[in-house]
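A.B. asks: Would you be able to build a 3D model of this:
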Amino acid sequence: MKCWLVGASGQLGQCLQQALIDNQAFSSIDLVKSVHTNPDYPSSESFSLKASRTKSFKLDITDFDAVKLFVLTHKPKLIINTAAYTEVDNAESNIDKAYNVNHKGARNLALVANQSNIPIIHISTDFVFDGQATIPYLEAHSSRPINVYGASKRQGELAIQQACSQHVIIRTSWLISEYGNNFAKTIIRLAQNRNELRIVDDQMGCPTSAHDLADAILTLSMKIAEGKYHWGTFHYCGSSPTTWFRLSSAIVAEAMSQGKLTASPKLVAINTEDFPLPAKRPQYSALDCSKIAKTWGVKICDWQHALKRIVSQL
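C.D. replies: Residues are numbered from 1 along each chain as shown. As a prediction, the model looks like this:
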């Protein structure tokens with residue numbers, strides 16, 4: 001089955017390509033890839049995957065006509081949208097940029113998917129919630145984003161729901177891998193250069209291996225190709241909610257055990273107010289993943305186990 005991977009140069013896009021290299025179970029999936037060309041879209045992520053040597057087309061998903069022409073030309077059977085404006089703090093002062101990609105771009109993809117009668121898998125975020133819960137969020141919980149990034153992603157969700165009936169929206173959280181810009185890479189880089197790291201310990205969520213999420217997406221893609229589909233919104237993240245401080249501790253410990261660090265910095269737990277940022281963060285954003293596990297038969301993985309692989313590749 002030919003799938004259009006939108007956002008091929010991002011962290012998740014690279015993990016999806018890696019999964020096709022590593023796992024023969026997905027060998028029937030053939031990707032046509034695009035990278036975003038709109039100047040509003042952050043381009044700081046390195047595109048380092050070996051598979052990136054295969055051709056990726058340049059496309060501005062905020063241009064409806066360009067999206068339509070791409071689908072008519074390449075005739076994919078499924079769209080996988082991993083493209084997003086993810087610079088959470090910069091979004092607060094670049095509202096139009098965030099909405100262009102996260103809302104308008106998503107809407108264009110969904111409109112064209114509907115016109116062409118093909119499904120779309122769209123990746124969203126735990127930041128659509130306000131963080132006031134005390135138990136993991138279900139898909140049916142009210143979404144009340146508290147920053148521009150979350151609001152723009154929520155509008156993207158609504159656009160897809162309204163424009164294309166054949167959709168799967170997957171909300172995820174705290175993505176980490178050896179690709180792109182993410183928390184695990186940042187912590188190891190800082191730990192190599194500093195004696196002390198002050199990390200927020202009063203925000204709780206679920207770290208997610210981008211590799212595990214990629215496997216889940218491709219599993220759904222295979223099932224859709226077989227006609228075994230369930231449309232709607234689902235949650236997928238790593239098991240066991242934790243805090244940024246505890247995640248940092250696990251990353252440093254794993255890096256030490258693998259010899260990636262010669263010395264461990266002192267880790268100091270702080271509160272959110274001790275490290276003010278432009279964008280407000282949810283205090284609690286753990287996601288309940290029982291729906292995707294029950295409906296699609298997708299395995300929810302332990303982020304601590306995934307951490308071993310990620311650190312080994314850094």
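A.B. asks: use CA for all of it now, contacts and neighbours both
C.D. replies: OK.
A.B. asks: how about the helices of the stretch 101-250 of the chain, start to end?
C.D. replies: 106-116, 148-163, 183-191, 210-225, 244-257 (DSSP state H, counting those that start in this stretch).
A.B. asks: Quick check: which of these is nearest to residue 31?
C.D. replies: Set against residue 31 and scored by C-alpha to C-alpha, the helices of the stretch 101-250 of the chain come closest in helix 210-225, at 11.0 Å.
A.B. asks: thinking again about what came up before, need the helices of the stretch 101-250 of the chain in TSV with distance to residue 295 and mean neighbour count, can you?
C.D. replies: Converted to TSV, the helices of the stretch 101-250 of the chain look like this (distance: least, C-alpha to C-alpha, whole Å; neighbours: other C-alpha atoms under 10 Å):
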stretch	distance to residue 295	mean neighbour count
helix 106-116	23	23
helix 148-163	19	23
helix 183-191	30	18
helix 210-225	10	21
helix 244-257	29	20
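A.B. asks: which ones are touching residue 20?
C.D. replies: 26, 27, 29 (C-alpha atoms under 8 Å, 6 or more residues apart in numbering).
A.B. asks: what's the lowest-pLDDT member of the residues you listed?
C.D. replies: Across these, the bottom pLDDT score, 91, is held by residue 27.
A.B. asks: Name the SS class of the closest residue to that one other than its chain neighbours, please.
C.D. replies: Spatial nearest neighbour of residue 27, chain neighbours left out: residue 20 (6.5 Å); criterion: C-alpha to C-alpha, 6 or more residues apart in numbering. Following DSSP: H, G, I helix; E, B strand; the rest coil, residue 20 is assigned to helix.
A.B. asks: how about low-confidence regions in this structure?
C.D. replies: Residues of the chain that meet the criterion pLDDT under 70 lie in 38-54.
A.B. asks: ok so, going back, return a ChimeraX selection command for the buried portion of the contacts of residue 20.
C.D. replies: ChimeraX command restricting the contacts of residue 20 to the buried ones, with burial defined by 16 or more other C-alpha atoms under 10 Å:
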select :26,29
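A.B. asks: nearest to residue 282, of the contacts of residue 20?
C.D. replies: Distances from residue 282 to these, taken as C-alpha to C-alpha, are shortest for residue 26 (35.3 Å).
A.B. asks: Could you pull up the residues touching that closest one?
C.D. replies: Contact partners of residue 26, counting by C-alpha under 8 Å, 6+ apart, are 19, 20, 218, 219, 222.
A.B. asks: picking that back up, can you list the helices of the stretch 101-250 of the chain in TSV and add distance to residue 10?
C.D. replies: Below are the helices of the stretch 101-250 of the chain laid out as TSV (distance: least, C-alpha to C-alpha, whole Å):
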stretch	distance to residue 10
helix 106-116	16
helix 148-163	16
helix 183-191	14
helix 210-225	11
helix 244-257	22
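A.B. asks: Nearest to residue 270 among those helices would be which one?
C.D. replies: It's helix 244-257; of those, that one is closest to residue 270 (C-alpha to C-alpha) at 8.3 Å.
A.B. asks: Run the angle between that closest one and helix 183-191 for me.
C.D. replies: 70 degrees (axes from the mean of the first three to the mean of the last three C-alpha atoms, to 10 degrees).
A.B. asks: returning to that earlier point: so which of the helices of the stretch 101-250 of the chain comes closest to residue 302?
C.D. replies: Closest to residue 302 of these is helix 210-225 (C-alpha to C-alpha; 9.3 Å).
A.B. asks: Name the residues that touch stretch 140-153?
C.D. replies: Contacts to stretch 140-153, defined as C-alpha under 8 Å, 6+ apart, come from residues 85-88, 91-92, 95, 98-99, 102-103, 124-130, 154, 279-282.
A.B. asks: follow-up on the earlier one: nearest to residue 182, of the contacts of residue 20?
C.D. replies: Nearest to residue 182 among the contacts of residue 20, with distances taken as C-alpha to C-alpha, is residue 26, at 26.0 Å.
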